[in-house]
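[1] Okay, structure incoming, though there's no sequence with it:
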């Protein structure tokens with residue numbers, strides 16, 4: 001029988017773009033793991049997606065049954081409505097975050113994954129933990145570079 005794993009995720013950015021972070025809680029039976037990381041300049045959507053990726057990459061055994069709870073419509077709709085598969089076929093042309101979507105698809109395909117969208121800040125205990133982890137990471141002093149983040153041309157405009 002495949003491993004049953006529950007993953008809760010959240011992303012945060014202080015400004016969009018701005019400092020950002022993600023928070024992840026993995027639960028399997030009596031085991032629990034919390035992960036987070038902060039970045040100097042990124043977006044909320046990048047952090048939401050990166051949280052899911054980091055959660056899946058933390059799994060040790062392929063073929064696990066995974067339920068991911070997230071408050072990100074961006075992530076849930078992109079996967080559940082299969083938009084990301086269409087983007088992949090077109091080489092992610094003119095799509096944001098291709099580096100993360102490529103990384104996501106690589107790990108996503110190794111497991112049996114289903115997504116459940118939950119309303120953010122609605123007293124879901126584990127989502128609140130992820131939110132706290134993401135915000136603390138975004139406000140931390142040891143921020144990493146989000147090397148895949150590419151500001152759009154509009155952000156260079158001075159008016």
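    Received it, and whenever you're ready, just let me know what you need. Quick caveat: nothing in here was measured; it's all calculated off a predicted structure. Numbers count the residues shown, from 1 in each chain.
[2] Tell me the buried residues in the helix or strand where residue 10 lies?
    Per DSSP states H and E, residue 10 falls inside strand 4-15. Going by neighbour count (16 or more other CB atoms under 10 Å), the buried part of strand 4-15 is 5, 6, 7, 8, 9, 10, 11, 12, 13. Every residue, glycine included, has its C-beta placed from N, CA and C.
[3] Give the helix, strand or coil label for the nearest residue to the third one once chain neighbours are set aside.
    Spatially, and ignoring its direct neighbours in sequence, residue 7 is nearest to residue 55 (4.0 Å; CB to CB, 6 or more residues apart in numbering). Classification of residue 55 into helix, strand or coil gives helix, according to DSSP: H, G, I helix; E, B strand; the rest coil.
[4] who touches residue 55 in this structure?
    7, 9, 24, 26, 35, 68 (CB atoms under 8 Å, 6 or more residues apart in numbering).
[5] Tell me the one of these nearest residue 137?
    The closest of the contacts of residue 55 to residue 137 turns out to be residue 35 (CB to CB; 9.4 Å).
[6] all helices for this structure, in order.
    Here the chain has its helices, by DSSP state H, at 44-57, 73-80, 83-89, 98-108, 125-138.
[7] in the protein, which ranges drop under the pLDDT threshold?
    Along the chain, the model assigns pLDDT under 70 to residues 1-2, 152-159.
[8] tell me the phi and psi of residue 145?
    Main-chain dihedrals, residue 145, degrees, to the nearest 10: phi -90, psi 130.
[9] What is the neighbour count of the residue nearest to it when sequence neighbours are not counted?
    Nearest residue to residue 145 in three dimensions, chain neighbours excluded: residue 40, at 5.9 Å (CB to CB, 6+ apart). Neighbourhood size, residue 40 [other CB atoms under 10 Å]: 14.
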